[in-house]
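> Make a model of this:
(one chain, ligands or ions: 3)
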Amino acid sequence: MMQARKPIPVCEAVEKVMLHAQPGKIELVNFSDVGGRRLAEPLIATNQVPTFDKSPYDGFAFKASDTKDASKENPICFEVMERIGAGELPTITLESGQATRIMTGAMIPEGADCVAMLEVCKDFQENGKQYMEMKRRMEAGQNIMTAGSELDEGAILAEKGAYVNPGVEALLATFGYNEVKVAKKPLVAIIATGTELLDIDEPLQPGKIRNSNGYMVGAQAKRAGADCKYYGKLQDELESSYKMIEQAFHETDMVITTGGVSVGDFDLMPEIYKRLGAEVLFNKIGMRPGSVTTVAVKDGKFLFGLSGNPSACYVGFELFARPIIQKALFNNSCYHIKAKAVLKEDFPKPNPFTRFVRSNIEYGPDGLEVHLAGLDKSNAVSSLGNTNALMVLPGGTRGFKVGDLVQVLLLEETRGQAEFQI
Ligand SMILES: Nc1nc2c(c(=O)[nH]1)N[C@H]1C(S)=C(S)[C@@H](COP(=O)(O)OP(=O)(O)OC[C@H]3O[C@@H](n4cnc5c(N)ncnc54)[C@H](O)[C@@H]3O)O[C@H]1N2
Ligand code: MOO
Ligand SMILES: [Mg+2]
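Ligands and ions are numbered 1, 2, ... in the order given. I've put the predicted structure just below:
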């Protein structure tokens, strides 16, 4: 009889993996390609904002003190000296009784200390000259965006590892980052193992199935921010499989295989790790699904042996491979963000192991709601299309009921959290 593998707790497994995590490499990309990448250095304001005193409104700039006696009954009249639009420079220093017609975003002229909106001013012409009349008091500084009032030069606006969303792109553009240092996407080898596997374009044959895991894991790796190299599917044959996996190991930053990690006669991954001289960190975890997920390391590079069962494969990637990819992208909040959600369906089956149930999060009127994504079986593929979260149910003797507050890991968030606590 073969010796049973000893399962380790999932937190311990994650810890073991993360001990070997490495920061990634840096590359310089053109601003036009920066969306969706992660910054390799903090984003620093290269100038103060605004860089000059400017008007937030279309209106008139003048000295506030000129209006100290202004009222409905006592309108104050100004001579309008010039008109400046955004991007133009004022040429006249204002004296008492003078105003400049100014547009939103334009520089405040010397001598002015306030701006009145066009709507509260009456302008008119007399003898070929422009005038403006004000019926209300203004305060010095009123309606002026002073230089540096929004940001100081040198302010840190996004940390190293930050995800470049549209707002971060706006900041990069504001501060002239025409080229941006970002984390280089790690290159992940994707290999599906199994003599039963057919390609997408092959008709079904007795005893065979189409390879879905290879494409699923490739898509998960891309969602996590990596680049993929697909090495195809391998027959369960030791020599050819070893050769291909060894080649992939040398050509990429990490190798992800699916299938062949359990104890069957054609489960070749344990022997392949041995031949490669890779250190197996664990090969059994106290979790469902994905208990057979195996992680090995050689020369600082990872080999993730994910289960062949589709749901187990999916979960194994999100728990173990994704944080390693995030670390390579300098994201220290490398774990899926955790939230609480109200369970919307009974889940009566107790289980001694921690479960990661493929789930669907909805945004209900009172907050997050969680539904089962479909059939809760390790070998199910049908639930995955509907999955945007993993519900974490602690192992124990009890089931869960509608209305219970449960923890969920959100799979489609770009933000994460720094600790893996479940
Ligand atoms: N005696 C035992 N048998 C099994 C155990 C065990 O502890 N003792 N563990 C079970 C668990 S749990 C799982 S999970 C599976 C894991 O199997 P493997 O990782 O070795 O994967 P395979 O045997 O290659 O395949 C399992 C299953 O998945 C299908 N598969 C494989 N690759 C793909 C793919 N690319 N796309 C879609 N489906 C795939 C394959 O046809 C099998 O049906 O082992 C249990 N057995
Ligand atoms: O590794 Mo398995 O997924 O627990 O069914
Ligand atoms: Mg197997």
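> How many neighbouring residues does Asn213 have?
29 (other C-beta atoms under 10 Å). For glycine as for every other residue, the C-beta is placed from the backbone atoms N, C-alpha and C.
> wait, doesn't it sit right on Ser311?
No: using C-beta atoms under 8 Å, Asn213 makes no contact with Ser311, being 10.2 Å away.
> Can you pull the residues of the chain lying near ligand 1?
Those residues of the chain that sit near ligand 1, judged by C-beta under 6 Å from any ligand atom, are 192, 194, 196-197, 209, 211-214, 258-264, 267, 291-292, 307-310, 312, 378-379.
> Quick check: which of the residues you listed are also close to ligand 2?
Okay, of those touching ligand 2 (C-beta under 6 Å from any ligand atom), that's 291-292, 307, 309, 312, 378.
> Going through those residues, which ones are buried?
Buried members of those, counted by 16 or more other C-beta atoms under 10 Å: 291-292, 307, 309, 312, 378.
> residues contacting the most far-flung residue of the chain relative to its centre?
Computed with C-alpha atoms, centre = their mean, the residue of the chain farthest from its C-alpha average is Asn127, at 62.7 Å. For Asn127, no contacting residues are found, by C-beta atoms under 8 Å, 6 or more residues apart in numbering.
> coming back round to it: pull up the overlap in contacts between Asn213 and Ser311.
Common neighbours of Asn213 and Ser311 (C-beta under 8 Å, 6+ apart) do not exist.
> Adding secondary structure and pLDDT, write the ones next to ligand 2 among the residues of the chain next to ligand 1 out as TSV.
Formatted as TSV, these follow (DSSP: H, G, I helix; E, B strand; the rest coil; pLDDT from 0 to 100):
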residue	secondary structure	pLDDT
Ser291	coil	97
Val292	coil	97
Ser307	coil	98
Asn309	coil	98
Ala312	helix	98
Ser378	coil	96
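> Just give me the closest of those residues to Ala278.
Val292 (16.6 Å; C-beta to C-beta).
> could you list every residue that touches that closest one?
261-262, 283-284, 307, 312.
> Same check on Thr93?
Per C-beta under 8 Å, 6+ apart, neighbours of Thr93: 109-111.
> What subset of the residues you listed is buried?
Buried among those (16+ other C-beta under 10 Å): 109, 111.
> Of the contacts of Thr93, which belong to helices?
Assignment to helices by DSSP state H places none of these there.
> What segments of the protein are helices?
Under DSSP H, the chain gives helices at 10-18, 166-174, 213-223, 238-251, 269-276, 310-316, 322-328.
> Need those helices in CSV (columns: distance to Met2).
Below are the helices of the chain laid out as CSV (distance: least, C-beta to C-beta, whole Å):
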stretch, distance to Met2
helix 10-18, 22
helix 166-174, 52
helix 213-223, 25
helix 238-251, 18
helix 269-276, 11
helix 310-316, 20
helix 322-328, 30
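> Kindly reformat those helices as TSV containing distance to ligand 3.
Listed next are the helices of the chain as TSV, based on distance: least, C-beta to the ion, whole Å:
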stretch	distance to ligand 3
helix 10-18	19
helix 166-174	44
helix 213-223	13
helix 238-251	13
helix 269-276	9
helix 310-316	11
helix 322-328	23
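> mind checking which of those helices is nearest Leu118?
helix 166-174 (27.5 Å).
> so what are the domain limits for the chain?
The record's domain parsing of the chain by automatic domain parsing lists 10-22+186-328, 29-48+156-183, 59-134, 337-410.
> Distance of Glu412 relative to ligand 2?
22 Å (C-beta to the nearest ligand atom, to the nearest Å).
> check contacts around Lys122.
75, 132-133.
> For it, list each beta-bridge partner.
With DSSP bridges as the criterion, Lys122 is bridged to Glu133.
> Please apply the same query to the one 4 residues further on.
Listed by DSSP bridges, the beta-bridge partners for Glu126 are Lys129.
> What is the burial count for it?
There are 9 residues near Glu126, going by other C-beta under 10 Å.
> okay, the domains of the chain in CSV with distance to Thr146 next?
Listed next are the domains of the chain as CSV, based on distance: least, C-beta to C-beta, whole Å:
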stretch, distance to Thr146
domain 10-22+186-328, 40
domain 29-48+156-183, 10
domain 59-134, 9
domain 337-410, 38
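> Packed most tightly, which of the ones you listed would that be?
Across these, averaging neighbours per residue (mean count of other C-beta atoms under 10 Å) puts domain 10-22+186-328 on top, at a mean of 20.
> gap between the two ends of that domain?
Terminal residues of domain 10-22+186-328 lie 22 Å apart, using C-alpha to C-alpha, to the nearest Å.
> same thing with stretch 411-422?
OK, stretch 411-422 end separation, C-alpha to C-alpha: 15 Å.
> what does that stretch rub up against?
By C-beta under 8 Å, 6+ apart, the list of residues contacting stretch 411-422 reads 10-11, 14-15, 18, 163, 165, 223, 318, 323, 326, 331-338, 354, 387-390, 392, 394, 407, 409.
> Quick check: pLDDT value at Tyr363.
Per-residue pLDDT puts Tyr363 at 95.
> Distance check, it against Ile245.
42 Å (C-beta to C-beta, to the nearest Å).
> With Glu279 instead?
In terms of C-beta to C-beta, Glu279 sits 16 Å off from Ile245.
> surely Ala147 meets Thr51?
Yes: Ala147 is within contact range of Thr51, at 6.2 Å (criterion: C-beta under 8 Å).
> Of these two, which one has the most company?
It is Ala147, of Ala147 and Thr51, that has more neighbours when counted by other C-beta under 10 Å, with 16 against 11.
> Spatially nearest residue to the one residue in the stretch 51-200 of the chain that gets nearest to ligand 3, not counting backbone neighbours?
Residue nearest to ligand 3 within the stretch 51-200 of the chain: Gly194 (8.4 Å; C-beta to the ion). In space, and not counting its chain neighbours, Gly194 is closest to Gly259: 4.7 Å by C-beta to C-beta, 6 or more residues apart in numbering.
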